[in-house]
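Whatever this is, show me its structure:
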Amino acid sequence: MKTFELANGTQAQVAEYTEQDIHEYQNPLIEALPPIYSQQDVIDHLSFYPAYRKEERYLEDYKRVHLIQRILYYFQPLPLHLQLCSSIDRLLRFGYVSRNPLSNSYAQGFVDNSHKVVNKTFDKSALQTGQTMSVIGISGVGKTRSLQRILDMYPRVISHTQYKGKPLNMYQVTYLTIQTPFDGSVKTIIYDFMYQVDLLMGTNYFNRYANSRLSTSQLMPIIAQIARSANLGCLIIDEIQHLKAIKSKSSTQILNFFTTLINTVNVPIIMVGTPKSMDILQSQFRQARRNTNIGNVMWNRLEKDEIWELFIQGMWKYQWTKEIAPFNEEFSTLLYRESQGIADIAVKLFMMVQLRAISNGEEKITINLINNVSQEELKIVQPMIQALRNRNYRKLADYEDLTFPNIEEFLEREQIIIDQKQIMNSLKQGGGRSSERTKLMDDAIFRLGILGIDEKIAKDTVSNIIAQDGDGINLNDVVKKAFNLTTPSDTIVQTLPNKDFRGIVKDGRESGLTAYQSLKDAGFIKVDYSVSDVS
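Prediction:
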């Protein structure tokens, strides 16, 4: 696929059109999307298994701490992911059916909406063809990450220039994600929508309208025009349960805003939230009815079955402790008991156990270690885990927004322990290396002194050689290199005969002296005791 960079840095994909077998999908905006994938294709696209090499288990402690973070990227597709992917794909494609840029109604929609912008009016009576779906599940089961993983299968921005030989100059934004506001303000949603479009496309809608005095009803046709111009495929509204904490009137206004946006622009909406949001969605009959078009996805925790085994076994191979703990049923059961099938907790507990095993020197995952780390580090989620064990679903509502274990904070604490151990080892090793280096230098300087090299010159030369070649060099090599560096070759030729033992001994013989006497007279043999005649 060809891509190019927009002025703000966003990568846009050049549209490549694929013939569609389904008649109503014969539409440039649909033909530019990836093909409808088979289940096997979806699995291949969603799967992510981080790099792993057995040799990495023998790296230094402080390096293995970094490797363990790879587990956060592990993604094992499960049946629910395939269901969610199919639902989103159908929602996205069907949302474009009524917005074919080759049709007369497409152009007429811009004209009609521009009149509403000028007149600052908004007609809510429109053909209702838009659809919504809800993704509901407790915190930590992987809703947001899985949703993003699926959306990554689609190019974020597509550039159209011509279609079948005819000009077609437009951009296509396949999806946009905004957060549900805590203050319950419809204007906050509108401004967030503008801001996210600006970030993606480099436009200036937010600065243009955020400080205006336009009312919500006056901003609505502007939002509709932006969505039309961007050929928005679908809008994702995350954390929809925030509406539970605001006044009923405000939450009703926001839901009405969503409904109006769907009906007038025909942009599908995906609402993501915890079970708390079910009451909000069901309180609005129109919204609840429209949610049944594609279907709700109820994202429950994993059960202790073959799906759990698939997930946990896929993760189990990522062990960076020096000793591998083979996977068995006892480990599987214990991890499930401590996480209750919540993927986020299971992954973070697995990481924490390895970090602890490295920091305390145990270097192996054990049952006791898992129990200890769980009791110490998962205290904050124990009430929710206990409610799940007891299947007390009413009690679970109190823990939906509980903060999960902070793996970064735990990593930092264990890193400090590992760093302290590393510092002490380095200091000890450094002290040993220093003593060996000092002895090497002293011995080399002494030998060079015997060879007539000045002590200061010998010291500087030996120091440079050891610094350059490292502590692995032996004494003989140091002396040889230092002598060669401090004694020019021509000097050696001139002075060596006068000091060569062989020459001294030869000259002594010619004078009738023994080798001993010749060397003694030359000053190479020192007598530290007196010699007396005992004859």
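
For residue 145, give me its contacts.
Applying CB atoms under 8 Å, 6 or more residues apart in numbering to residue 145 gives the contacts residue 75. Glycine gets a C-beta too; all of them are placed from N, C-alpha and C.

and with 10 Å instead?
72, 75, 343, 344 (CB atoms under 10 Å, 6 or more residues apart in numbering).

Per-residue confidence, it, what does it come out as?
pLDDT, residue 145: 90.

Grab the nearest non-local neighbour of residue 371.
Nearest residue to residue 371, sequence neighbours excluded (CB to CB, 6 or more residues apart in numbering): residue 334, at 7.4 Å.

what about stretch 9-24, start to end distance?
Counting by CA to CA, to the nearest Å, you get 34 Å between the two ends of stretch 9-24.

What of stretch 176-189?
12 Å.

Buried residues, it. List them.
Neighbour counts over stretch 176-189 (16 or more other CB atoms under 10 Å) mark 176, 177, 178, 179, 180, 181, 184, 185, 186, 187, 188, 189 as buried.

Which ones among these lie within strands?
Among the buried residues of stretch 176-189, the residues falling in strands (DSSP state E) are 176, 177, 178, 179.

Max pairwise distance over those: which two?
For these, the farthest-apart pair by CB to CB is 176 and 179; their separation is 11.6 Å.

For residue 23, grab the count of nearby residues.
6 (other CB atoms under 10 Å).

and what of residue 79?
Residues lying near residue 79 (other CB under 10 Å) number 10.

quick one: contacts for it?
Contacts of residue 79 (CB under 10 Å, 6+ apart): 39, 307, 310.

Could you export those residues as JSON lines, including secondary structure, neighbour count and pLDDT?
As requested, those are exported to JSON lines (DSSP: H, G, I helix; E, B strand; the rest coil; neighbours: other CB atoms under 10 Å; pLDDT from 0 to 100):
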{"residue": "39", "secondary structure": "helix", "neighbour count": "12", "pLDDT": "91"}
{"residue": "307", "secondary structure": "helix", "neighbour count": "15", "pLDDT": "93"}
{"residue": "310", "secondary structure": "helix", "neighbour count": "15", "pLDDT": "93"}
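
Could you dump those residues into JSON lines and include distance to residue 278?
Listed next are the contacts of residue 79 as JSON lines, based on distance: CB to CB, whole Å:
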{"residue": "39", "distance to residue 278": "29"}
{"residue": "307", "distance to residue 278": "24"}
{"residue": "310", "distance to residue 278": "29"}
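
and which of these is nearest to residue 10?
The closest of the contacts of residue 79, once distances to residue 10 are taken by CB to CB, is residue 39, at 31.0 Å.

list the contacts for that closest one?
77, 79, 82, 85, 86.

circling back: tell me the one of the buried residues of stretch 176-189 nearest residue 147?
Within those, distances to residue 147 taken as CB to CB reach their minimum at residue 177, with 8.6 Å.

quick one: pLDDT of the closest residue to that closest one other than its chain neighbours?
Distances taken as CB to CB, 6+ apart place residue 236 nearest to residue 177, at 4.3 Å, with adjacent residues excluded. In this model, residue 236 is scored at 93, pLDDT.

What is the burial count for residue 236?
Using other CB under 10 Å, residue 236 is surrounded by 20 other residues.

helix/strand/coil for it?
Following DSSP: H, G, I helix; E, B strand; the rest coil, residue 236 is assigned to strand.

Go ahead and confirm residue 455 touches residue 444.
No - counting by CB atoms under 10 Å, residue 455 stays clear of residue 444, with 11.4 Å between them.

and these two? which has more neighbours close in?
More crowded of residue 455 and residue 444, by other CB under 10 Å: residue 444, with 28 against 11.

Please, which helix or strand holds that one?
Assessed by DSSP states H and E, residue 444 sits inside helix 407-450.

Give me the contacts around the helix or strand just after that helix.
Proceeding N to C from helix 407-450, the next assigned helix or strand is helix 455-469, under DSSP H and E. The contact list for helix 455-469, computed with CB under 10 Å, 6+ apart, reads 437, 440-449, 451-454, 472-473, 477-486.

do that again at 6 Å, thanks
If you take CB atoms under 6 Å, 6 or more residues apart in numbering as the criterion, helix 455-469 is touched by 441, 444, 445, 448, 478, 481, 482, 485, 486.

Pull out the buried members of those residues.
Buried members of those, counted by 16+ other CB under 10 Å: 441, 444, 445, 448, 478, 481, 482, 486.

Once you drop chain neighbours, what's closest to the residue most central in space within the chain?
Geometric centre of the chain, nearest residue: residue 73, 6.2 Å, by CA atoms, centre = their mean. Closest residue to residue 73 apart from its sequence neighbours, by CB to CB, 6+ apart: residue 50 at 5.1 Å.

show me what contacts the one you found?
The contact partners of residue 50, by CB under 6 Å, 6+ apart, come to 70, 73, 74.

Swap in 8 Å and give it another go.
So residue 50 contacts 70, 71, 73, 74, 318 (CB under 8 Å, 6+ apart).

before we move on, what about residue 232?
173, 175, 176, 265, 267.

now residue 349
Here residue 349 is in contact with 335, 338, 339, 370, 373, 374, 377, 378, 405 (criterion: CB under 8 Å, 6+ apart).

Helices - which of those residues land there?
If you go by DSSP state H, the contacts of residue 349 have 335, 338, 339, 370, 373, 374, 377 in helices.

JSON lines for those residues, including distance to residue 519, pLDDT and neighbour count?
Below are the ones in helices among the contacts of residue 349 laid out as JSON lines (distance: CB to CB, whole Å; pLDDT from 0 to 100; neighbours: other CB atoms under 10 Å):
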{"residue": "335", "distance to residue 519": "82", "pLDDT": "96", "neighbour count": "22"}
{"residue": "338", "distance to residue 519": "84", "pLDDT": "94", "neighbour count": "20"}
{"residue": "339", "distance to residue 519": "85", "pLDDT": "92", "neighbour count": "26"}
{"residue": "370", "distance to residue 519": "77", "pLDDT": "96", "neighbour count": "22"}
{"residue": "373", "distance to residue 519": "76", "pLDDT": "93", "neighbour count": "23"}
{"residue": "374", "distance to residue 519": "81", "pLDDT": "92", "neighbour count": "23"}
{"residue": "377", "distance to residue 519": "78", "pLDDT": "86", "neighbour count": "21"}
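
what about residue 4, neighbour count?
Neighbours of residue 4 using other CB under 10 Å come to 10.

now swap in residue 65 and tell me
Residues lying near residue 65 (other CB under 10 Å) number 21.

mind checking the SS state of it?
Classification of residue 65 using three-state DSSP returns helix.

give me the low-pLDDT residue ranges for the stretch 351-500 of the chain?
Filtered on pLDDT under 70, the stretch 351-500 of the chain yields the residue ranges 393-415, 417-435, 470-472, 488-500.

Repeat that for the stretch 1-150 of the chain.
110-130.

SS state for the closest residue to residue 335 other than its chain neighbours?
Take residue 335 and drop its neighbours on the chain: the residue closest to it by CB to CB, 6+ apart is residue 346, 5.6 Å away. Here residue 346 is helix, with the state taken from three-state DSSP.

What are the buried residues along stretch 352-361?
Neighbour count says stretch 352-361 has 352, 353, 354, 355, 356, 357, 358, 359 buried, by 16+ other CB under 10 Å.

So the protein: which segments form each domain?
Here the domain parsing of the chain from automatic domain parsing is 3-32+78-299, 489-535.

among the ones you listed, which is the most enclosed?
domain 3-32+78-299 (a mean of 17; mean count of other CB atoms under 10 Å).
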